[in-house]
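K.L.:
with the input below, show me the fold.
(one chain, ligands or ions: 1)
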Amino acid sequence: MVLAEDLAKQQRSISVAEFFEKNKHLLGFDSPTRGIITTIKEAVDNALDACEEAEVLPDIFISIKRVDTEVYRITVEDNGPGIVPENVPLVFGKLLYGSRFHQIRQSRGQQGIGISAAVLYAQLTTGTPARVTSRTGAKVRAHQFELMIKTETNEPEIISHEEIDWDRTHGTRIEIQFKSSLAAKKRLMDYLRLTAIVNPHARITAEIDGEVTVFERVANEVPPCPKSILPHPHGIEFGALKRLAAASTGTVEEFLIGSFSRVGKKTADEMIALAGLKPTQKVKKLEPEELTRLLDAMQAVKVPAPPAQQCLSPIGEDLICKGLEKEIQLDFIKARTRPSMVYGGHPFIIEAAIGYGGKIPPEGSAQIFRFANRVPLLYQQGACAITNCVSQVNWKNYGLSQQGLPMGPVLIMVHVASTNVPFTSESKDAVASIPEIEREIVLVLQELGRELKTYLSRRERKKQQDDRARAICSVIPEIAAKVSEIVELPLVDTSPIEGRIMRKVVAKKRTIDGKVRIDVNNYTEREVTFVLYNLSRDSADDADPRPDFVDEIDGDYNKVWRRTLGPGEVWRVVYTGSGDGTLDLRGVEDEKKVVVDLDV
Ligand SMILES: Nc1ncnc2c1ncn2[C@@H]1O[C@H](COP(=O)(O)OP(=O)(O)OP(=O)(O)O)[C@@H](O)[C@H]1O
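P.N.:
Numbers count the residues shown, from 1 in each chain. Below you'll find the predicted structure:
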């Protein structure tokens, strides 16, 4: 008894802030090096979410400056809608305060912890408050706050607050200072690059230790902001049903139709009949046992899947390819967006891409890029369902070697978009193993594997043809010399013949001012690669790392341009550089369908 009383004296509640101060690893603050990445990730996620909600093209500025031996100042600024001054202290100075927790739609933030956890980490390591500047429109001035979190109560502490002039008309800027190191700079740059790939509409400028890098946007349209939907009857649990029912004033029928997605009168009546209830009963007055029957009936009756188009925002095949090609030079790339599916009442869409060759390191295992709701996942690759699915696929079927993961110059990108991404922990590093999600990932990877196999076999065939052609071409000059000797006529220029055999167009003069017209007169789409070789080098291996979709080519050699041409579409390329060059048109199987006009 005495012991119980002693214990009672020690028993008290713990604030959320106290809990996370002690368990900061749960939020991704397990080391000072990681702290810097987590902070930037949280602030950038918020900036992108806010810009999407305000339907503006994100222009995000990030800066990391060393202010003392081990102390860094991190600044993230966005052009989003800003935050009203009354809410600024709560957003940054209170854990579990946010706008997205109760909404059923795809968003990067979910829990309302992210950015306040960074503020907590800063005050823990350096004792400095976070400085937040926010402005919500041209008619009002900006508000600047210095904030800390009162750990014992999880309430914000306002150190200072003033109105200031700010040249941005709307947006938010957060400055946080904490103990860290730039040891993970490469990983940070990877994070920014990957973020740019899955947010092709964003411009991200990063100034890290004085060095500026700009990730330019490749799309000028803001993706539509996903809209919230009502909960799906198949995804609801007893506690949530009880809470919703208690807050409702209507009848059971009205409640089912008005509070759940995809439930019309017919479906509602079916559920009510199955639960042995009357449509006119007040839902608030239902006994727990009646609610249990209603829940069972809600799960048992067939209901169409939730409206995924409305609440999810997949990137799309075209933009995935554009985003990847902008950052990494690839010889082959294909992307697929699967139809929407549902797990436990939550809609989700799987998108994936496979890239091959180019600048991907040829040795070692494939590079895996994991994304959830347009956010790159950087840690715990081994614990993630995405990685498990990549290993599950038999890549040998698709022409790759495999040691768990596929091997060679391969890049695999998987994006899980959902109203509720099932993460393994609050730090949102890895996707949990949900059979429905895993099945979709494996299916999309198999689909892409088949595409890769077709490409690899075609490439192999082409290589064999080229080897044969090269062998023939190597003897043509000798044959020509012999023939001219025998027939006693001047030596002819054999380069056009060689060019035709090699399926290349060889420029005849030292200066090219040429026009190339590539016309794929076909009924299917075809990817055409256009390579301009420098004859003084013997391969296009050191091709420009950033192929561009340009029609005006001005300047250097050894560049690769790639385009998918539709039926009858013509791609005109004008080269205005100087010097010898060879044009190689790859990917075009039938030469007659290509018109090459080289004005020399
Ligand atoms: N840059 C910003 N512009 C506008 N609103 C913002 C910005 N940053 C945060 N907010 C608001 O503050 C809320 C809390 O942000 P916080 O990072 O703590 O959580 P979250 O993003 O909702 O969820 P998570 O913990 O999963 O990241 C957001 O839900 C959003 O409403």
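K.L.:
let me see the domain layout of the protein.
P.N.:
16-215, 233-300, 329-455, 503-593 (automatic domain parsing).
K.L.:
redo those as CSV? Include mean pLDDT.
P.N.:
CSV is the format used below for the domains of the chain (pLDDT from 0 to 100):
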stretch, mean pLDDT
domain 16-215, 93
domain 233-300, 94
domain 329-455, 94
domain 503-593, 44
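K.L.:
quick one: which of these is nearest the ligand?
P.N.:
Comparison of these against the ligand by Cβ to the nearest ligand atom identifies domain 16-215 as nearest, at 2.0 Å. C-betas here are computed from N, CA, C, even on glycine.
K.L.:
can I get the domains of the chain in CSV with distance to the ligand and mean neighbour count?
P.N.:
Shown next, in CSV, are the domains of the chain (distance: least, Cβ to the nearest ligand atom, whole Å; neighbours: other Cβ atoms under 10 Å):
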stretch, distance to the ligand, mean neighbour count
domain 16-215, 2, 19
domain 233-300, 19, 17
domain 329-455, 7, 20
domain 503-593, 30, 16
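K.L.:
select, out of these, the one closest to residue 493.
P.N.:
domain 503-593 (7.6 Å; Cβ to Cβ).
K.L.:
all the strands of the stretch 1-150 of the chain, residue numbers only.
P.N.:
Listed in chain order, the strands of the stretch 1-150 of the chain (DSSP state E, counting those that start in this stretch) span residues 59-66, 71-78, 130-136, 142-150.
K.L.:
so what strands line up beside the shortest one?
P.N.:
Each strand paired with strand 130-136, and its direction, by DSSP bridges: strand 142-150 (antiparallel), strand 170-179 (antiparallel).
K.L.:
distance to residue 373 added to these, as JSON lines?
P.N.:
Listed next are those as JSON lines, based on distance: least, Cβ to Cβ, whole Å:
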{"stretch": "strand 142-150", "distance to residue 373": "26"}
{"stretch": "strand 170-179", "distance to residue 373": "20"}
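K.L.:
that older thread, now the domains of the chain in TSV, with distance to residue 2?
P.N.:
Converted to TSV, the domains of the chain look like this (distance: least, Cβ to Cβ, whole Å):
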stretch	distance to residue 2
domain 16-215	28
domain 233-300	38
domain 329-455	39
domain 503-593	74
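K.L.:
which among the ones you listed is found nearest to residue 308?
P.N.:
Closest approach to residue 308 among those is made by domain 329-455 (3.3 Å; Cβ to Cβ).
K.L.:
gap between the two ends of the closest one?
P.N.:
17 Å (Cα to Cα, to the nearest Å).
K.L.:
any idea how far residue 37 is from the closest residue to residue 32 other than its chain neighbours?
P.N.:
Once flanking residues are discounted, residue 32 sits nearest to residue 180: 4.4 Å by Cβ to Cβ, 6 or more residues apart in numbering. Residue 180 sits 9 Å away from residue 37, going by Cβ to Cβ, to the nearest Å.
K.L.:
residue 336 too?
P.N.:
30 Å.
K.L.:
just residue 207 next, same as before
P.N.:
Following Cβ to Cβ, the distance that separates residue 207 from residue 37 is 16 Å.
K.L.:
and if you look at residue 361?
P.N.:
Residue 361 is 23 Å from residue 37, by Cβ to Cβ.
K.L.:
and residue 475, helix, strand or coil?
P.N.:
What DSSP: H, G, I helix; E, B strand; the rest coil gives for residue 475 is helix.
K.L.:
what do you get for residue 277?
P.N.:
What three-state DSSP gives for residue 277 is coil.
K.L.:
tell me which residue lies nearest the centroid of this protein.
P.N.:
By Cα atoms, centre = their mean, the chain has its centre lying nearest to residue 198, at 2.8 Å.
K.L.:
hang on, the earlier thing: adding distance to residue 346, write the strands of the stretch 1-150 of the chain out as a markdown table.
P.N.:
Below are the strands of the stretch 1-150 of the chain laid out as a markdown table (distance: least, Cβ to Cβ, whole Å):
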| stretch | distance to residue 346 |
| --- | --- |
| strand 59-66 | 29 |
| strand 71-78 | 28 |
| strand 130-136 | 32 |
| strand 142-150 | 31 |
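K.L.:
circling back: how close does the residue nearest to the centre of the chain sit to residue 372?
P.N.:
Distance from residue 198 to residue 372, by Cβ to Cβ: 10 Å.
K.L.:
and if you look at residue 26?
P.N.:
For residue 26, the distance to residue 372 - Cβ to Cβ - is 17 Å.
K.L.:
list phi and psi for the closest residue to residue 432 other than its chain neighbours.
P.N.:
Leaving aside its chain neighbours, residue 432 sits nearest to residue 422 (4.2 Å; criterion: Cβ to Cβ, 6+ apart). Main-chain dihedrals, residue 422, degrees, to the nearest 10: phi -80, psi 90.
K.L.:
now residue 166
P.N.:
Main-chain torsions, residue 166, degrees, to the nearest 10: phi -140, psi 130.
K.L.:
how near is it to residue 321?
P.N.:
From residue 166 to residue 321 the distance is 38 Å (Cβ to Cβ).
K.L.:
ok, residue 139 next?
P.N.:
42 Å.
K.L.:
kindly report the same for residue 282.
P.N.:
For residue 282, the distance to residue 321 equals 55 Å [Cβ to Cβ].
K.L.:
what sits against residue 50?
P.N.:
78, 80, 81, 172 (Cβ atoms under 8 Å, 6 or more residues apart in numbering).
K.L.:
surely the first one touches residue 172?
P.N.:
Yes. Counting by Cβ atoms under 8 Å, residue 172 is a contact partner of residue 78 at 5.6 Å.
K.L.:
who touches both of these two?
P.N.:
Common contact partners of residue 78 and residue 172 (Cβ under 8 Å, 6+ apart): 46, 47, 50.
K.L.:
closest one of the residues you listed to residue 95?
P.N.:
Distance to residue 95, by Cβ to Cβ, is smallest for residue 46 among these, at 14.4 Å.
K.L.:
dump the residue contacts of the closest residue in space to residue 121 that isn't next to it in sequence.
P.N.:
Of all residues not flanking residue 121 in the chain, residue 29 sits nearest, at 4.9 Å (Cβ to Cβ, 6+ apart). Contacts for residue 29 (Cβ under 8 Å, 6+ apart) come out as 35, 38, 117, 118, 121.
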